[in-house]
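**Q** What shape does this take:
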Amino acid sequence: MLKQVLEIYELLDSSMVTGQQVAELLQSRGADKVTVELVQGKEGSTDFIRIDVPGTNGKIVGGTAPTLGIIGRLGGIGARPERIGLVSDADGAIAALAVALKLAEMGEKGDQLPGDVIITTHICPHAPTQPHDPVPFMGSPVDMETMNRYEVDPAMDAILSIDTTKGNRVINHRGVAISPTIKEGYILRVSDDLLNTLQITSGRLPVTFPVALQDITPYGNGLHHINSILQPSVVTNSPLVAVAITSEVTVPGCATGASHETDITAAAKFSLEVAKEYGAGRCRFYDTEEFALLQRLYGSLEQFQSLGQQDS
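**A** The predicted structure is shown next:
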């Protein structure tokens, strides 16, 4: 996977890169279903890219295997002209696109996963920055509602959201950390299956990170969020797990020279192996019976997927 990460990294490290160039690379390696759409926002534009990878028993071919969604979540891959080069925030896009490239190459070699995989992210080398505590964040030319509309699809039965998560003081580990499973406003316990996959792919004890209730509410409600890694959960009923690319110290999302290719590779490897196991029915994001009991005991928490009771 390191080869694919390096190739995607070099392609994206350009002030002129477009989503169409990324699509052409993927298509040249065997990815048949790639779409790109240019979307204009208040502070510029970005190219949303989607790659659909059919499984041998996936829904695309009329099968029954579940579909995994992999979202490369970010504000932008570059903060030009303020910063020259690829920013730390680009890591989620690199990881997701590296998985897409690897799956395309695997398919060309006769290795096809059981279930479909849908990979989404966006390409923006000229994104704005924004203030945030404790370090500045990358902004985005489009709002969160638009981002979720293009990156989250109802066909995704479970979602991995990959994002650089270094601008905080709650994760003091360099590498990859996963979140508890988020579903319909509930913060569930961490999936044992995902912990097993993480320790196998990393060769180390798995690391998790804490999630506050504020983190799983939508942007725009005035509350503090660790970053946008959990925002896809507000527009889906499918279980979501965040795959955070982390550091021991706080690093601004708009910092250049702050990406670590081996850590991006670890996130991509983990996501690929989850895709294999999930499509084969060997990986559960949550306990369905326990979730049903939670709902019977405590009711719906879907209000946390909304903006809540706003002052009039």
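**Q** Helices of the stretch 101-250 of the chain, residue ranges please.
**A** For the stretch 101-250 of the chain, the helices defined by DSSP state H, counting those that start in this stretch occupy 144-151, 192-202.
**Q** Tabulate the ones you listed (TSV), appending mean neighbour count, distance to residue 257 and mean pLDDT.
**A** The way it works is simple: take the backbone N, C-alpha and C, and place the C-beta from them, glycine included. Formatted as TSV, these follow (neighbours: other CB atoms under 10 Å; distance: least, CB to CB, whole Å; pLDDT from 0 to 100):
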stretch	mean neighbour count	distance to residue 257	mean pLDDT
helix 144-151	19	26	97
helix 192-202	18	24	98
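**Q** Strands of the stretch 101-250 of the chain, start to end?
**A** 117-123, 129-130, 137-138, 158-164, 175-178, 182-183, 186-187, 240-246 (DSSP state E, counting those that start in this stretch).
**Q** Turn those into JSON lines, columns for mean neighbour count, distance to residue 13 and mean pLDDT.
**A** Shown next, in JSON lines, are the strands of the stretch 101-250 of the chain (neighbours: other CB under 10 Å; distance: least, CB to CB, whole Å; pLDDT from 0 to 100):
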{"stretch": "strand 117-123", "mean neighbour count": "28", "distance to residue 13": "12", "mean pLDDT": "98"}
{"stretch": "strand 129-130", "mean neighbour count": "16", "distance to residue 13": "18", "mean pLDDT": "82"}
{"stretch": "strand 137-138", "mean neighbour count": "24", "distance to residue 13": "15", "mean pLDDT": "81"}
{"stretch": "strand 158-164", "mean neighbour count": "28", "distance to residue 13": "15", "mean pLDDT": "98"}
{"stretch": "strand 175-178", "mean neighbour count": "22", "distance to residue 13": "22", "mean pLDDT": "98"}
{"stretch": "strand 182-183", "mean neighbour count": "25", "distance to residue 13": "32", "mean pLDDT": "98"}
{"stretch": "strand 186-187", "mean neighbour count": "20", "distance to residue 13": "36", "mean pLDDT": "98"}
{"stretch": "strand 240-246", "mean neighbour count": "27", "distance to residue 13": "17", "mean pLDDT": "98"}
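**Q** mind giving me TSV with the ones you listed and columns for distance to residue 151?
**A** Below are those laid out as TSV (distance: least, CB to CB, whole Å):
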stretch	distance to residue 151
strand 117-123	4
strand 129-130	19
strand 137-138	16
strand 158-164	9
strand 175-178	19
strand 182-183	15
strand 186-187	21
strand 240-246	12
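**Q** To residue 65, which of those lies closest?
**A** Residue 65 sits nearest to strand 117-123 of all the strands of the stretch 101-250 of the chain, at 10.4 Å, using CB to CB.
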